[in-house]
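*Asks:* what would the 3D arrangement of this be:
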Amino acid sequence: MAVREAGGYSDSDIGVPLMRKAFGRDGQLTDREQEPAEQEAIAHLFAGAIGLFKNPGSHRNVGPLTAGSALRALIIASELLSLVDDARPG
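*Replies:* Alright, predicted model coming up:
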C-alpha cells in the first residue's frame with residue numbers, strides 16, 4: 001500500500017473515510033483549540049460534503065446541475081476551503 005506524500009495518507013484513503021481521518025480527533029486538519037464537539041462537527045461537515053457532492057457523480061450518471069445548484073455548491077465549497085485554510089499550521 002503506497003503512502004501519499006502530502007499528509008501521509010494511503011492511496012486507499014479516499015472520500016468519506018479520508019475526510020474522517022483528516023478532520024477527525026487526531027487528523028492533521030483538526031483545530032486542536034476547538035471543543036471536541038466542534039471538531040467532530042467539522043469532520044461530519046466535510047464527510048457529508050464529499051458524500052453529497054462528490055460520491056453521486058462517482059457512482060452513477062447524475063446529469064448536469066442547474067445554475068442555482070452549481071452556485072450553491074460553489075458557495076459551500078468556498079466555505080469548506082476557508083475552513084481548510086484556517087486549519088493549516090503556520
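*Asks:* got a list of contacts for the host helix or strand of residue 71?
*Replies:* Assessed by DSSP states H and E, residue 71 sits inside helix 67-87. Residues from elsewhere that reach helix 67-87 (C-beta atoms under 8 Å, 6 or more residues apart in numbering): 23, 29-31, 42, 45-46, 49, 53, 65. C-beta here means a position set from N, CA and C on the backbone, and glycine is covered the same way.
*Asks:* which positions within it qualify as buried?
*Replies:* Buried residues in helix 67-87, counted by 16 or more other C-beta atoms under 10 Å: 80, 87.
*Asks:* so what's the gap between it and the chain middle?
*Replies:* The chain centroid and the centroid of helix 67-87 are separated by 11 Å, computed with C-alpha atoms, centre = their mean, to the nearest Å.
*Asks:* average pLDDT across that helix?
*Replies:* For helix 67-87, mean pLDDT rounds to 91.
*Asks:* which among the contacts of helix 67-87 end up buried?
*Replies:* Among the contacts of helix 67-87, those classed as buried by 16+ other C-beta under 10 Å are 23, 29-30, 42, 45-46, 49.
*Asks:* kindly reformat the contacts of helix 67-87 as CSV containing secondary structure.
*Replies:* Putting those into CSV (DSSP: H, G, I helix; E, B strand; the rest coil) gives the following:
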residue, secondary structure
23, helix
29, coil
30, coil
31, coil
42, helix
45, helix
46, helix
49, helix
53, helix
65, coil
